[in-house]
Each structure stands twice: as C-alpha cells, then as structure tokens.
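# Sequence first, then the predicted structure:
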Amino acid sequence: MTKHPDAEQLKLLERAIRKLPRRQREIFCAVRCDDLSYEEIAERTGLTVVEVERLFAEALLNIMRRLDLKPKRWWRFR
C-alpha cells in the first residue's frame, strides 16, 4: 500500500478488518484506533499481555492475507 491509500484500498482494508474474528477485530481496533497499549487492553479484557500480542499479530496476518500482501519474514512462526 502507498502512504496515502485511495478509496478502493480503504474499502478493501475496512472489509478485511470486518471479516476478522471478533476477538482479533476488538484487539486490532483497540491498538490501532484507540491507541491502547497491550497492557491496557489486557487489563480491560482479562487476557494476558501475551494473549493480546498473539491476537494482534494474528489480526495483522489475517489482514495481510486478505489484502494479498506477503507477511514479513520475521513474522513467520516455525
């Protein structure tokens, strides 16, 4: 994606976010839209910080897959 996405790119991104599983979408929006830290999200949701990190990473990977973007090499779990 470019620095300033066009309307079509935004529509695709919004659709990818809407199709995330509920918990991933909540975590993703809390981090990116509400600008909450992992610790704040963990406290509010009753999850651990590690669970919040994992859900956020899964959300990013799911969004990237839906947008046909290749994940960064260091994101791959082996």
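Nice, I can see it.

# just checking, what packs against the helix or strand of the chain with the lowest mean pLDDT?
Every helix and strand in the chain was compared by mean pLDDT, DSSP states H and E; the lowest is helix 7-18, with a mean of 92. Using 3 or more C-beta pairs under 8 Å, 6 or more residues apart in numbering; DSSP states H and E, the elements in contact with helix 7-18 are helix 22-32, helix 49-66. From N, CA and C alone the C-beta is placed, and that goes for glycine too.

# which stretches of this protein have low pLDDT?
1-2, 71-78 (pLDDT under 70).

# how does it look with 50?
1-2, 78 (pLDDT under 50).

# I'd like the distance between residue 7 and residue 16.
Here the criterion is C-beta to C-beta, to the nearest Å. By it, residue 7 lies 15 Å from residue 16.

# Compare those two (neighbour count), which wins?
residue 16 (17 against 7; other C-beta atoms under 10 Å).

# ok, the more buried one touching residue 59?
No. Judged on C-beta atoms under 8 Å, residue 16 makes no contact with residue 59 at a distance of 9.6 Å.
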